[in-house]
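>>> based on what follows, work out the 3D shape:
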Amino acid sequence: MATEPAKTAMAVLRWSATGAAVQSLVLDVDDAAITNAATGADKLGIDCPLGWPDDFLVFLQEHHAGQVVAPQEVAGRDWRRKLAYRATDRAVRERTGLTPLSVAADRIGLTAMRAAGILSRLAAEGRPVDRAGNGIVVEVYPAASLRCWGLPFRAYKGRKRRAAREALIDALLKRTPWLDLGAYVDLCADSDDALDAVIAALTSRAAAVSKTSTPDEAHLRQQARREGWIVLPEVLLESLVAPFLVEADAS
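Residues are numbered from 1 along each chain as shown. The predicted structure follows:
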């Protein structure tokens, strides 16, 4: 997802007992198209933060009231990171070594505002929305999913990196002979947004079969319902369509 329809891509995958096919893959997707697609979907994966850090919101409220109580080392990195990153961001970094963009301190905050509007629209239409991932929507992070699945996860974005995307597509299809990209192979090679949308849909499948990471402790589950939670696949990529899903190594 991007802040505007431009640079926003959406993939719809249809699953069967033996495979999956990309039913549609489109660029320049607006909010109405996203909410319409959610109508017939088991899971809608959104590559964007679904909430803001609890500590950051408290900081804003205190700052607004002129009552900020900062630590003595106010410019300290640890204090800033506590405000900037959510519990799920720290969990992703611990597991994958990747640091998600900060919704509190990066331009992705503008995209999160758009996502918040989409969640509100889905909730108004009666779809169960839970930022922790228990409803129709899950928060995904394609690079982290690729990392968990042992696929190339760096240096494939940008117009000049088509060759890297082609190599990633080849690696993906070798691992998933059951995945039919159909007429969309070239689009995935042309656009990293389109390719990310397919990875997001595969991660959403893992969430739909209850094979993604979840907050372990009760207080984290409550926090994730406010801040959002990035789901990481805990199933082998090859096994997304197998009768008996095989869990991935969590290391």
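>>> helices of this structure, start to end?
If DSSP state H is used as the criterion, the helices of the chain fall at 31-39, 54-64, 77-84, 87-96, 108-124, 142-148, 162-175, 185-190, 192-208, 218-227.
>>> any figure for the gap between the closest residue to residue 169 other than its chain neighbours and residue 178?
The spatially closest residue to residue 169, leaving aside those adjacent along the chain, is residue 188, at 5.6 Å (CB to CB, 6 or more residues apart in numbering). Every residue, glycine included, has its C-beta placed from N, CA and C. Distance of residue 188 to residue 178, given as CB to CB, to the nearest Å: 17 Å.
>>> which one's more surrounded, those two?
Between residue 188 and residue 178, counted using other CB atoms under 10 Å, the more crowded position is residue 188 (25 against 16).
>>> so in the chain, where's the weakest helix or strand by average pLDDT?
helix 77-84 (a mean of 88; mean pLDDT, DSSP states H and E).
>>> let me see the contact set for residue 59.
Contact partners of residue 59, counting by CB atoms under 8 Å, 6 or more residues apart in numbering, are 68, 83.
>>> number the residues from 46 up from this point.
Fine by me, first position is 46 from now on; the one you just mentioned is residue 104.
>>> next, count neighbours for the residue lying closest to residue 235 once chain neighbours are set aside.
The shortest distance from residue 235 to any non-neighbouring residue, by CB to CB, 6+ apart, is to residue 207 (6.8 Å). Close neighbours of residue 207, defined as other CB under 10 Å, add up to 15.
>>> check residue 207 and give its pLDDT.
pLDDT recorded at residue 207 is 97.
>>> same question for residue 296.
Looking at residue 296, its pLDDT reads 36.
>>> cool, and residue 116?
The model reports residue 116 with a pLDDT of 69.
>>> got the contact list for stretch 75-86?
With CB under 8 Å, 6+ apart as the test, stretch 75-86 has contacts from 50, 53, 55, 57, 71, 89, 159, 162-163, 166-167, 170, 172, 181-182, 249.
>>> and the residue nearest to residue 235, how far from residue 167?
The gap separating residue 207 from residue 167 is 34 Å, by CB to CB.
>>> before we move on, the earlier item: any idea how far residue 86 is from the residue nearest to residue 214?
Using CB to CB, we find residue 233 at a distance of 20 Å from residue 86.
>>> same question for residue 230.
23 Å.
>>> what of residue 92?
Distance of residue 92 to residue 86, given as CB to CB: 15 Å.
>>> same deal with residue 199?
For residue 199, the distance to residue 86 - CB to CB - is 29 Å.
>>> can you pick out the residue with more neighbours from these two?
Per other CB under 10 Å, whichever of residue 199 and residue 86 has more neighbours is residue 86, with 17 against 10.
>>> for the more buried one, give its distance to residue 250.
11 Å.
>>> which one of the helices of the chain has the lowest average pLDDT?
Comparing mean pLDDT over the helices of the chain, the weakest stretch is helix 122-129, at a mean of 88.
>>> how distant is that helix from the center of its chain?
Distance, stretch centre to chain centre, for helix 122-129: 22 Å (CA atoms, centre = their mean, to the nearest Å).
>>> now do the buried residues in it.
Using 16 or more other CB atoms under 10 Å as the test for burial, helix 122-129 gives 124, 126, 127, 128, 129.
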